[in-house]
Structures are given as C-alpha cells and as structure tokens.
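Trainee: Model the following, please.
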Amino acid sequence: MNIAIDGPAGAGKSTIAKEIAKELKIVYLDTGAMYRATAYYMLNKGIEVSNEEAVLSVLDGLNMDISYENSQQSVFVCGENVTPFIREHAISMGASTVSKIPAVRIKLVALQREIASKNACVLDGRDIGTYVLPNAEVKIFLTADSLVRATRRFNELKEKNPINPITLEEVKADMDARDKQDSSRSFAPLKPAEDSVILDTTNMSIDEVISAVVSLAKKRK
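Mentor: Numbers count the residues shown, from 1 in each chain. Model prediction:
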C-alpha cells in the first residue's frame, strides 16, 4: 500500500506521515528532504537555485541515495549525509524554488517511484497524489490556517535553535510566499488530488489526525 500525504508547509505532513508509518509498520519517505538536499547541493556549489540553466549544468552530478536505520531516513548527496543540514530555514525557499524546475522533479520523482514500487510507503509532499503516485490507495490533503501553520514552523525552528533571530512574522511571510510559489508553478503544482480526503488540521490534535488517516488506510487495505 502507498499512502500519499500532500499539503502546504506547516500543515503537519511530515509529523503525521512519520507516525502513520510507525503505526502501520511501513516505510516513511520524506520527499521534501530530497528537494531540500538538492537545494543544499546547489547552494554549496554556488549555484543560484532560480537560475535554471545553472542548475541544469550541474544536475547530472547530483547523486542521491536514501537509507533507513531504525526507521529513520537519511539523505546522502554524493556520499555525504546531508540530513543534519537541510532543515535550516534558508534551505526552505531554496527547495521550493529548485523544485519548480521540471528536470529536477523528473529526476527525484523517478527515485521516489522506484522506492514506492518496492515498499509499502507513506510519502509526503506537495504533488504526491496528483503526480508522483497518482494510483496511491490512500490520498490525504492536509491543510490548516496560515497563521497556525506559521506558528507551528516557528516553534519548530525555535526548539532546534533557541537563539535563531527569525521572527514569527518572517516565518509567515516566507510561508505565504512559498504557498504561492508552490501552488502557481506550471509543473505539478500544489493542489488536492480529485480523489483525496481533505483534512483541516487547524483545530485537530496530532492524535486525531493520525487516527483519521489510519482508519482510512485500514478501510482501503
């Protein structure tokens, strides 16, 4: 079984997907981490992620591997484990920007589909149900009020780095910009699949969301 969880930043996709994977004892594939790793690779090479021609000039040199240990995903780029570095705030917009380039998405989607074809998986992202795995048995679109989503992301960043100077207002502004960018891109934009179940998590607890998704998955198993 493949479960696709889509939605904007801060909707709780990764948190929910990880818990669903544990509950159902299946693989969790963090597709967002793959785009973050791509942005990290480009930025480390001094490539401006909005410059499609420059990105394409080094894309063939991007070798990415995914490994799992104790159910934890690690992303390796050209042999380096970049997992500890890709959650920095500066990488977020870079990931959204580089993901607009069709060749980047095609390269990573091929890897995602290969993994999903060999494993029962939960995948989260922005186009899983519409583009990556259109035949997934379960499709969920998570959303929430934009301020609630920004607050969640702000608290997450603050917990990881208490002295991080970024403000809630800056996080929300970046999130709003990313939402617009993700939903308006011409190739595989962020939108609910026609057959997805839409869950607004604004006033839902994590346990309530997990329960709803697990219940749906068991019905369709």
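Trainee: Contacts only, for the most centrally placed residue in the chain.
Mentor: Among the residues of the chain, the one closest to the centroid is residue 32, at 2.8 Å (CA atoms, centre = their mean). Neighbouring residues of residue 32 by CB atoms under 8 Å, 6 or more residues apart in numbering: 13-14, 95, 124-126. Backbone N, C-alpha and C define where each C-beta goes, glycine included.
Trainee: from those, which ones fall inside strands?
Mentor: Taking DSSP state E as the definition of strands, the contacts of residue 32 contribute 124-125.
Trainee: quick one: which of the contacts of residue 32 is nearest residue 160?
Mentor: Among those, residue 14 lies closest to residue 160 (CB to CB), at 13.7 Å.
Trainee: Neighbours of that closest one, how many?
Mentor: 17 (other CB atoms under 10 Å).
Trainee: Likewise for the one 5 residues further on?
Mentor: By the criterion of other CB under 10 Å, residue 19 has 19 neighbours.
Trainee: cool, and the one 5 residues further on?
Mentor: Number of residues near residue 24 (other CB under 10 Å) recorded here: 18.
Trainee: Am I right that it is in contact with residue 215?
Mentor: No. In this structure residue 24 lies outside contact range of residue 215 using CB atoms under 8 Å: 11.4 Å.
Trainee: about what we covered before: just among the contacts of residue 32, which is most surrounded?
Mentor: Neighbour tally across the contacts of residue 32 (other CB under 10 Å): the maximum, 31 neighbours, falls on residue 125.
Trainee: now the helix or strand bottoming out on mean pLDDT in the chain, how far from the centre of its chain.
Mentor: Ranked by mean pLDDT, DSSP states H and E, the weakest helix or strand in the chain is strand 64-69, scoring a mean of 85. Distance of strand 64-69 from its chain centroid, counting by CA atoms, centre = their mean, to the nearest Å, is 16 Å.
Trainee: Many thanks, have a good one.
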